[in-house]
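[1] got a predicted model here, sequence first, then my questions.
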Number of protein chains: 2
Amino acid sequence: MDRRSLLKKGVLAGAAVAASSALGTSSAQAVVTGKQIKWRMVTSWPPAFPILQTGVERFAKRVGELTGGRLSIQVYAGGELVPPLGVFDAVSSGSVQCGHSAAYYWAGKCNAAQWFTCVPFGMDAQGMNAWFYFGNGLKLWEEVYAPFNLIPRPAGNTGVQMGGWFNKKIESMDDFKGLKMRIPGLGGKVIAKAGGAVVLLPGGEIYTSLERGVIDATEWIGPCHDIRMGFYKVAKYYYYPGWHEPGSALELIMNKKAYEALPSDIRAALDTAASELNVQMLSEFETENAKALSQLKSFHKIRLLRFPDKVLEGLKVLAAETIEETASKDPQANKVNEDFMTFKKQLAAWNKISEKSYYDSML
Amino acid sequence: MDRRSLLKKGVLAGAAVAASSALGTSSAQAVVTGKQIKWRMVTSWPPAFPILQTGVERFAKRVGELTGGRLSIQVYAGGELVPPLGVFDAVSSGSVQCGHSAAYYWAGKCNAAQWFTCVPFGMDAQGMNAWFYFGNGLKLWEEVYAPFNLIPRPAGNTGVQMGGWFNKKIESMDDFKGLKMRIPGLGGKVIAKAGGAVVLLPGGEIYTSLERGVIDATEWIGPCHDIRMGFYKVAKYYYYPGWHEPGSALELIMNKKAYEALPSDIRAALDTAASELNVQMLSEFETENAKALSQLKSFHKIRLLRFPDKVLEGLKVLAAETIEETASKDPQANKVNEDFMTFKKQLAAWNKISEKSYYDSML
């Protein structure tokens, strides 16, 4: 283990202690009342946040049904018990037993985590699921999370996201130069490479920043969530596709000690309910995005534009560089990246004659 | 209820009695030993058939884990207990408690059933799931199966299939004239409309028929299953895409009385395990098709051809006519078709800027 990883683990351990003392508990021990086990679950989503938080609540209910109430999961939205981005530490330390979030939020603690959500120009939801369940995806994810006492499960996917809301037209790669855009993660690194001024802003500040010209552009999720943010009122163009997030997988993370303390049928309930959430959350995203897009077009008369081919080609080159640089930072990320890319390449040859043909000629 | 439906129900009732007497039982009552309930499950797939039968066996195992062994499901492949196409009647009559098959096999008993598997130029797997879980798909399916005492659940999808193996090139719609092709269902009706001589053959006879020139072409499933049939040895061209089956959904069907007799946690186990099978079976199809395609290209040097655009356009017109004619046969099919097409249209507008863009520029 190299120095950087050790330092990171030190930082993480510190954070975990802070989180657990704030919560007034210091072990993964679940509360057991009579025959009922009570788990607490924290998420990175706002209360009642459509599809994400509501999906997690459906998951908790399902686990209750499956176990005849023997495992009861109390769900806390982001900020209710721990901050939205405190999910990883809270579950890792055992302050709470499980959480729902996205692996790429933990890139600072664990570089390899990003591949388990998505990378720019990576795989779509269907590809990610194939990699997780029948490639090495989930196996590698478990390996990467093991030092953090975490057991991951794929538990939802946003589907292909949108490219974002812009007040400047993007006609060539030059148009990114000086562009002030709110775009986090690897996508942000790609835009920075293209000459953009990448800005990080919490969700609640994006609208006003766009309105006041503090930023020229922002990405968010897709039509269903974007319409609620009202961006169509303060941005001229809605660009597609979301090259930076072609199919972001969401995660259920469980504290290893808490999970292993459960009887095998309850462990199976958590695993199976996660698979159900996985397919159903994507299905809800697709359904609601389709409805919202129709509203945006019919009532709000948005100007929908596709990034020109040469721009997508340019971004793809920069994305490959960014991913390569990120993967080369540690052997684990490199190993995950290699497996991801090998799987993607073989699947792509098949999808060119299957799904691509469907979308080209049957839709 | 019209005369045709009544006649059909009479036929069905007769078949159900025959099936149940052959099996030496006449009710949906499951065998209960001590605290263990034993179910029998029949499928339409050959023993050990990859992905389909093996997936169903994984499902049965999962239900066992989820219920701590309280529900034990014994799986019988097609022909082991009832014929492959006897699944519907066996579960409907209660001779067995559940089955795994594809709804379009029951078109003769229940015209509307076809839309719950796929229709030519219909939706892909992701679209079907969106329709089932967050559109009216599953609700309508339950309604359509209720008179047969069946409860359906989506439980797998083949993904986009291949167009088939051909010994004659298809360069225009004229090339279908006189073409002897093995293609069942609505796809077969479309080929017949195009002037083809549609032949129905069981799986075991296709290879020799193709070899001897009894048929000029056949569709099967996709690379993973097609490679095992050895068609690459006796056919010149492998055409894509599988316009006739762009995402065939598989079904879990349960006898209503047997299902309703279960405690609610065991019912939840069956439902959740079906959702898991749904996402995982598609993932396995994608993974294995990608591998097999690579083999077919590298080792067997197949000639992979895309149906020309004008052929796909021609088939699409005939498919729309065929679907319209089929739907107009009864009000229920018409209702299902209208809902399917409305959902498909709204989803297509979204998928044109999301998944299609992914496949165009990111793959």
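    The structure has been received and is ready for your questions. Being a predicted model, the structure only gives us computed values, none of them experimental.
[2] and stretch A:283-296, how far from the chain's centre?
    The chain centre lies 19 Å from the centre of stretch A:283-296; the measure is C-alpha atoms, centre = their mean, to the nearest Å.
[3] likewise for stretch A:101-114?
    Using C-alpha atoms, centre = their mean, the offset of stretch A:101-114 from its chain centre is 9 Å.
[4] any idea how far apart the tips of that stretch sit?
    Using C-alpha to C-alpha, to the nearest Å, the end-to-end distance of stretch A:101-114 comes out at 12 Å.
[5] contacts for that stretch?
    Residues from elsewhere that reach stretch A:101-114, judged by C-beta atoms under 8 Å, 6 or more residues apart in numbering or on different chains: A:8, A:11-12, A:43-44, A:85, A:87-88, A:115-118, A:140-141, A:144-145, A:148, A:152, A:185-186, A:248-251, A:253, A:326, A:329-330, A:332-333, A:335-336. For glycine as for every other residue, the C-beta is placed from the backbone atoms N, C-alpha and C.
[6] what segments of the stretch 101-250 of chain A are strands?
    Counting by DSSP state E, counting those that start in this stretch, the stretch 101-250 of chain A has strands at residues A:150-157, A:164-166, A:180-182, A:197-199, A:217-218, A:237-240, A:249-255.
[7] of all those, which one comes closest to B:Glu205?
    Closest to B:Glu205 of the strands of the stretch 101-250 of chain A, according to C-beta to C-beta: strand A:150-157, at 41.1 Å.
[8] now that closest one against strand A:249-255, angle please.
    150 degrees (axes from the mean of the first three to the mean of the last three C-alpha atoms, to 10 degrees).
[9] residues in contact with A:Asn334?
    A:327-328.
[10] sorry, that was for A:Ala192
    A:Ala192 neighbours (C-beta under 8 Å, 6+ apart): A:Val198.
[11] for B:Ala348, see how far away it is.
    Per C-beta to C-beta, to the nearest Å, A:Ala192 is found 35 Å from B:Ala348.
[12] likewise for A:Phe148?
    42 Å.
[13] right, and A:Phe176 touches A:Ala194 too?
    Yes: A:Phe176 is in contact with A:Ala194 according to C-beta atoms under 8 Å; the separation is 3.8 Å.
[14] ok, A:His244 touching A:Glu219?
    Yes: using C-beta under 8 Å, A:His244 is in contact with A:Glu219, at 6.7 Å.
[15] mutual contacts of those two, please.
    Counting by C-beta under 8 Å, 6+ apart, the residues touching both A:His244 and A:Glu219 are A:161, A:163, A:183, A:187.
[16] for the first one, list the residues it contacts.
    For A:Gln161, the contacting residues are A:219, A:221-222, A:241-242, A:244-246, A:248, taking C-beta under 8 Å, 6+ apart as the criterion.
[17] which one of those is nearest chain B?
    Nearest to chain B, judged by C-beta to the nearest C-beta, of the contacts of A:Gln161 is A:Pro241 at 3.5 Å.
[18] distance of the residue lying closest to A:Trp131 once chain neighbours are set aside from A:Thr342?
    Leaving aside its chain neighbours, A:Trp131 sits nearest to A:Gly137 (3.7 Å; criterion: C-beta to C-beta, 6 or more residues apart in numbering or on different chains). Between A:Gly137 and A:Thr342 the distance, using C-beta to C-beta, works out to 12 Å.
[19] so those two - more neighbours on which side?
    A:Gly137 (25 against 13; other C-beta atoms under 10 Å in any protein chain shown).
[20] what about A:Lys233, neighbour count?
    Based on other C-beta under 10 Å, the number of other residues close to A:Lys233 is 10.
[21] cool, the one 10 residues further on as well?
    Under the neighbour criterion other C-beta under 10 Å, A:Trp243 is assigned a count of 26.
[22] does it touch A:Leu318 like I think?
    No: applying C-beta under 8 Å, one finds A:Trp243 not in contact with A:Leu318, separated by 10.5 Å.
[23] re the thing from before, can you pull the contacts of the residue nearest to A:Trp131?
    A:116, A:128, A:131, A:154, A:339-340, A:343.
[24] CSV for the residues you listed, including neighbour count and pLDDT?
    Below are the contacts of A:Gly137 laid out as CSV (neighbours: other C-beta atoms under 10 Å in any protein chain shown; pLDDT from 0 to 100):
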residue, neighbour count, pLDDT
A:Phe116, 27, 98
A:Met128, 29, 98
A:Trp131, 29, 98
A:Pro154, 27, 98
A:Asp339, 17, 98
A:Phe340, 25, 98
A:Phe343, 21, 98
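[25] dump those residues into TSV; add distance to B:Pro263 as well.
    Shown next, in TSV, are the contacts of A:Gly137 (distance: C-beta to C-beta, whole Å):
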residue	distance to B:Pro263
A:Phe116	36
A:Met128	35
A:Trp131	37
A:Pro154	29
A:Asp339	42
A:Phe340	42
A:Phe343	41
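[26] please identify which pair of these lies farthest apart.
    Maximum distance among the contacts of A:Gly137 (C-beta to C-beta): 15.6 Å, for A:Pro154 and A:Asp339.
[27] measure the residue most central in space within chain A to chain B for me?
    Residue closest to the mean C-alpha point of chain A, counted by C-alpha atoms, centre = their mean, is A:Ala102 at 3.6 Å. Look at A:Ala102 and chain B: by C-beta to the nearest C-beta, to the nearest Å, they are 18 Å apart.
[28] and for A:Tyr359?
    A:Tyr359 is 4 Å from chain B, by C-beta to the nearest C-beta.
[29] which SS class is that residue?
    Put simply, A:Tyr359 is helix when judged by DSSP: H, G, I helix; E, B strand; the rest coil.
[30] and it, how many neighbours?
    24.
[31] would you check that it makes contact with B:Tyr359?
    Yes: at 5.2 Å, A:Tyr359 and B:Tyr359 qualify as touching, with contact defined as C-beta under 8 Å.
[32] where does the prediction get shaky in chain A?
    Scanning chain A for pLDDT under 70 picks out the ranges A:1-29, A:33-34.
[33] walk me through the domains of chain A.
    The record assigns chain A these domain ranges, following automatic domain parsing: A:12-158+A:248-287, A:170-246+A:301-329.
[34] which among these is found nearest to B:Val75?
    domain A:12-158+A:248-287 (17.8 Å).
[35] quick one, what contacts A:Gly187?
    Taking C-beta under 8 Å, 6+ apart, one finds A:120, A:219, A:243-245 in contact with A:Gly187.
[36] near chain B, which residues of the stretch 151-300 of chain A?
    A:159-160, A:162, A:222-223, A:240-243, A:246-247, A:263-265, A:268-269, A:272-273, A:275-276, A:278-280, A:282-284, A:286-291, A:293-294, A:297 (C-beta under 8 Å from any C-beta of the partner chain).
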